[in-house]
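>>> Got a predicted model here, sequence first, then my questions.
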Amino acid sequence: QVQLVESGGGLVQAGGSLRLSCVASRIIFDINAMGWYRQAPGKQRELVAALYSGGSANYVDSVKGRFTISRDVAKNTVYLQMNSLKPEDTAVYYCNLAPGPIYEYWGQGTQVTVSS
């Protein structure tokens, strides 16, 4: 059974940075694409960044140029570096397979709050 544990969220002022981490209980992303999702209050969960096994990455337009997804297979960890944060980035952030997440893999997420 796979468990994904997100961490690194917090409260930051607009323009600040955070780095999120997602540790998997076993190696799943050496052969699978991984993604970071977010869900803001009252909104649907959206995929914001995906990293494919070949190393290519895709981002939703709203975070392009500000967020970077990466992975460390040896540490079973995928990261999301978030720079130039905006209040509209406020959400709970989750990791999962991408672009088709596995329901059973959803973790608790990590809260990111950006103040103006």
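Received, thanks.
>>> Can you report how many residues lie near residue 98?
Number of residues near residue 98 (other CB atoms under 10 Å) recorded here: 21. From N, CA and C alone the C-beta is placed, and that goes for glycine too.
>>> wait, what's in contact with it?
33-35, 47, 50-51 (CB atoms under 8 Å, 6 or more residues apart in numbering).
>>> repeat for residue 88
40, 62, 114.
>>> Please identify, among those, the one with the most neighbours.
Ranking the contacts of residue 88 using other CB under 10 Å puts residue 114 first, with 20 neighbours.
>>> isn't there a strand covering that residue?
Yes. Assigned with DSSP: H, G, I helix; E, B strand; the rest coil, residue 114 falls within a strand.
>>> any idea which helix or strand carries the residue nearest the centre of the chain?
With distances taken as CA atoms, centre = their mean, residue 36 lies nearest the centre of the chain, 2.7 Å away. If you go by DSSP states H and E, residue 36 is part of strand 34-39.
>>> CA atoms only for that strand - export them in CSV, please.
Output in CSV follows, covering the C-alpha atoms of strand 34-39 (Å, rounded to 0.1, in the frame of the first residue of the first chain):
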residue,chain,number,x,y,z
MET,A,34,3.8,12.5,-10.2
GLY,A,35,1.9,15.7,-9.7
TRP,A,36,1.1,18.4,-7.2
TYR,A,37,-2.5,19.3,-6.8
ARG,A,38,-4.2,22.0,-4.8
GLN,A,39,-7.7,22.7,-3.5
